[in-house]
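A.B. asks: Quick one, structure for this:
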Amino acid sequence: MKNAKSLSWLLVTILLTTAHFSEAQQPEKVPRIGYLSGVELSAVASRIEAFRQGLRELGYTEGKNIFIEWRSADGNIDRLSVLAADLVRLKVDAIVSGGSLNTRRLKEATSTIPIVMAQDTDPVGNGFIASLARPGGNITGLATLSPEISGKQLELLREIVPKLSHVAIIGNSTNPGDSQALRETVLAAGSLEVYLRYLDVLDPKDLEAMFRAATKGRANALVVLGNPALNARRTQVVALAVKHRLPATYARPEYIEAGGLMYYGTNYNDLARRAATYVDKILKGAKPADLPVEQPIKFEFIVNLKAAKQIGLTIPPNVLVRADRVIR
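C.D. replies: Numbering: from 1, shown residues only. Okay, here's the model as predicted:
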């Protein structure tokens with residue numbers, strides 16, 4: 001009888017020990033986030049690497065203690081809704097948005113999954129957040145609002161274009177970010193004595209006609225604003241600028257990679273790296289509604305000498321020495 005009782009206690013002890021051991025061996029849940037891009041991932045490879053770097057700095061290793069679902073519309077913005085719905089269906093812990101249109105489609109797809117804007121021209125004007133200080137919903141992240149950018153772009157154009165007098169601006173008036181950038185450019189033009197002509201591209205099919213109008217209007221330089229529709233057709237925009245021999249400054253560095261002349265503005269790689277800090281805070285329990293939206297703190301100036309040569313333009317040495325990157 002004594003042996004039977006001892007055996008019984010032994011069995012209970014083994015079972016309890018096994019249970020505790022099993023519980024201890026349960027793997028922790030690895031967070032899964034989404035990343036939605038409107039353009040090809042290869043076109044924003046440096047931003048993606050900056051985002052990964054930001055994660056690494058915070059102790060995350062992709063494929064080990066964090067998984068990332070990468071989604072790209074490859075320039076076909078009509079696919080964004082489907083891709084956004086796919087990420088929501090996967091019930092990811094957070095989604096990083098690579099641009100305004102991506103954020104809009106994600107906002108339409110979910111009101112509960114946290115959305116981190118890697119960049120947005122005007123998140124309040126776009127209706128994504130209530131204010132920069134108190135976003136108030138499931139969206140937070142980084143904005144590219146910076147009034148001084150437009151003035152600096154015009155100043156640089158005046159330095160590289162002899163006798164600059166007429167500047168054409170190509171944008172889309174339905175995009176809140178474009179509207180704000182236009183207002184800032186108009187204010188900057190006043191002190192620089194430059195005449196501006198705004199060309200509203202509501203349909204990308206009108207691009208060629210707009211460039212002809214710019215040339216007919218005696219434009220000797222061009223400013224291209226940063227809306228998603230134009231960005232998706234950046235190769236065509238750059239080619240038209242070369243065709244019409246118009247020195248141009250662009251609102252996105254991707255245009256320079258596509259052969260554009262000049263970019264001055266937000267350092268998007270820095271924003272992408274900082275987006276990782278938002279992901280980290282959210283995974284640790286912070287609510288997007290309580291995380292203030294930050295603005296850019298780093299800017300960059302890129303000059304493409306190959307593009308300058310194509311249109312017979314010489315970039316003054318005093319401008320080149322100020323460039324963060326020169327493409328030769």
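
A.B. asks: How is the protein partitioned into domains?
C.D. replies: 32-145+267-298, 148-266+300-327 (automatic domain parsing).

A.B. asks: Now mean neighbour count too, for those, in TSV please.
C.D. replies: Quick note: C-beta positions are derived from backbone N, CA and C, even for glycine. Listed next are the domains of the chain as TSV, based on neighbours: other Cβ atoms under 10 Å:
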stretch	mean neighbour count
domain 32-145+267-298	19
domain 148-266+300-327	18
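
A.B. asks: Mind putting the ones you listed into CSV with mean pLDDT?
C.D. replies: Converted to CSV, the domains of the chain look like this (pLDDT from 0 to 100):
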stretch, mean pLDDT
domain 32-145+267-298, 95
domain 148-266+300-327, 91
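
A.B. asks: Next, work out how far apart the nearest residue to Glu294 once chain neighbours are set aside and Pro316 are.
C.D. replies: Excluding the flanking residues, the one nearest Glu294 by Cβ to Cβ, 6 or more residues apart in numbering is Leu142, at 5.3 Å. Applying Cβ to Cβ, to the nearest Å, the value for Leu142 to Pro316 is 33 Å.

A.B. asks: Please apply the same query to Ser165.
C.D. replies: On the measure of Cβ to Cβ, Ser165 and Pro316 end up 18 Å apart.

A.B. asks: mind listing the helices for this protein?
C.D. replies: Assignment of helices within the chain using DSSP state H yields the ranges 2-24, 45-57, 80-89, 100-109, 148-160, 176-192, 207-216, 228-231, 234-243, 254-257, 268-283, 305-310, 317-320.

A.B. asks: Of the ones you listed, which is nearest Pro31?
C.D. replies: helix 268-283 (5.1 Å; Cβ to Cβ).

A.B. asks: For the closest residue to Leu305 other than its chain neighbours, give me the pLDDT.
C.D. replies: In space, Leu305 comes closest to Arg328 once its chain neighbours are excluded; the distance is 5.1 Å by Cβ to Cβ, 6+ apart. On pLDDT, Arg328 comes in at 93.

A.B. asks: Equivalent analysis for Ser6, please.
C.D. replies: 53.

A.B. asks: ditto for Thr13
C.D. replies: 51.

A.B. asks: Same check on the one 4 residues further on?
C.D. replies: Model confidence at Thr17, given as pLDDT, is 53.

A.B. asks: wait, doesn't Arg245 sit right on Gly312?
C.D. replies: Yes: between Arg245 and Gly312 there is a contact under Cβ atoms under 8 Å: 7.1 Å.

A.B. asks: So what touches stretch 295-313?
C.D. replies: Outside stretch 295-313, the residues within contact range by Cβ atoms under 8 Å, 6 or more residues apart in numbering are 132, 142-146, 149, 156, 160-161, 238, 241-242, 245-247, 253, 256, 259-267, 270-271, 314-315, 319-320, 322-328.
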